[in-house]
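> Turn this into a model:
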Amino acid sequence: MRNYLQSRIRVEISPKNVLAVASSGSYWDDLLLLAPVFGQSSTCYVTTLDNRVMIDGISEVQLLPNARLSRPLSFLRCFFAALGIVSKLRPDVIVSTGAAPGLACILAGRLFGARTLWIDSLIHSERLSVCGSVAKHIAHGCWTQWEHLSDGKQLKYFGSTI
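You can find the predicted model right below:
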């Protein structure tokens, strides 16, 4: 199923300027599993933890402050940082595997006319994440990596990253 998910993402992004966003930890791991899909695109990665980026060897990276939706001031600070990144880079497509910093970039991207895709992290197997629940109303596409969570309309399933 991983190849099917990757082929669907290729259709969504085609060769364009891509902003690939994820918080550190398993969100970042999910995003890195999708890195081969971005091969034909000009891709800039955005995350919250710069020493992890050096370990993974990604050259073009922007950093965002970490945030949580349950802490509105942290999310607001992250959103304004995301606005700065999106306004400077002007990506055609924004892809995020989560969490709140990814949602901040999706929101900023919508303001600047970017196509947006939220892929809820593989770790959310019982229900859609809180940020994913918001993203499904904002992003152009919202995907889950668990078939039983898909409703086939707002939340689609095309496979998983592993």
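
> Please identify the buried residues of stretch 41-58?
Residues Ser41, Thr43, Cys44, Tyr45, Val46, Thr47, Thr48, Arg52, Val53, Ile58 are the ones in stretch 41-58 that count as buried (16 or more other Cβ atoms under 10 Å). Every C-beta, even on glycine, is put in place using the N, C-alpha and C of the backbone.

> Excluding chain neighbours, what is closest to the second one?
Leaving out its chain neighbours, the residue that sits closest to Thr43 by Cβ to Cβ, 6 or more residues apart in numbering is Val18, at 4.5 Å.

> Figure out how far the helix or strand harbouring that neighbour is from the centre of its chain.
Secondary structure assignment for Val18, by DSSP states H and E: strand 17-22. Relative to the centre of its chain, strand 17-22 is centred 7 Å away, using Cα atoms, centre = their mean, to the nearest Å.

> How about stretch 8-25?
For stretch 8-25, the distance to the chain centre is 7 Å (Cα atoms, centre = their mean).

> distance of the residue lying closest to Ile13 once chain neighbours are set aside from Arg68?
Computed as Cβ to Cβ, 6+ apart, the closest residue to Ile13 that is not its neighbour in sequence is Val93, at 4.7 Å. For Val93, the distance to Arg68 (Cβ to Cβ, to the nearest Å) stands at 25 Å.
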